[in-house]
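J.: Sequence isn't available, so here's the structure alone:
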């Protein structure tokens, strides 16, 4: 589970803990990370009345509960394997269960693999940009702990003096809102 630091609001800006140790610049982690069992997370998630925000990330396996594991196993894997072969996605590398509170925001980022995002409950809004906008989103350098994330805060008023090429991105994103049962394919 991650909870945002004191200066954050509802944005969960990921960081690579291994890169923190080797990064030569100043870096203060924006969130705190805590190892909890799934049951411990649910108890805290449901009972915490503080202003802490929670975001859960775990490999999808039997430790998350019988019902979730059963849902995962019953996914239409023939469909996924068909897309995998047809679109040359390569091997399945991971399955993650992600749980966030209403209002949690994930910063603009890219992943290094194909993604199928399946929404189980509630809704999630995505803002997707084409690869031609990669340099206009000012990704952190690969050696930075925030590797693969944009330096531009899309949740605030972007600083066009600091990030002038971001002006070319405005209005070009595609919005997708997923509800329960929806699946979004996100290319790498």
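T.: Yep, that arrived. Just so you know, these numbers come straight off a predicted model, no measurement behind them.
J.: Next one: the residue of the chain positioned farthest from its centre from residue 26, what distance?
T.: The C-alpha centroid of the chain is most remote from residue 161, which lies 27.3 Å away (Cα atoms, centre = their mean). Per Cβ to Cβ, to the nearest Å, residue 161 is found 22 Å from residue 26. Using the backbone N, CA and C atoms, a C-beta is placed for each residue, glycine as well.
J.: now swap in residue 100 and tell me
T.: Counting by Cβ to Cβ, the gap from residue 100 to residue 26 is 28 Å.
J.: ok so residue 97 is a helix residue?
T.: No - counting by DSSP: H, G, I helix; E, B strand; the rest coil, residue 97 falls outside a helix, being strand.
J.: how close does it sit to residue 82?
T.: 24 Å.
J.: And for residue 15?
T.: 36 Å.
J.: give the contact list for residue 69.
T.: The contact partners of residue 69, by Cβ atoms under 8 Å, 6 or more residues apart in numbering, come to 60, 61, 62.
J.: Can you report how many residues neighbour the second one?
T.: Right, the one you point to is residue 61. 12 (other Cβ atoms under 10 Å).
J.: just the one 5 residues further on next, same as before
T.: When counting by other Cβ under 10 Å, one arrives at 8 neighbours for residue 66.
J.: re the thing from before, any idea how far the residue farthest from the centre of the chain is from residue 167?
T.: From residue 161 to residue 167 the distance is 11 Å (Cβ to Cβ).
J.: again, but for residue 133
T.: In terms of Cβ to Cβ, residue 133 sits 11 Å off from residue 167.
J.: Settle it for me: which of the two has more neighbours?
T.: Neighbours per residue (other Cβ under 10 Å) separate residue 133 from residue 167, with residue 133 holding more: 16 against 11.
J.: Let me see the contact set for that one.
T.: 168, 169, 172.
J.: If you count surrounding residues, which of residue 97 and residue 82 has more?
T.: Remark: of residue 97 and residue 82, residue 97 carries more neighbours, 18 against 11, as counted by other Cβ under 10 Å.
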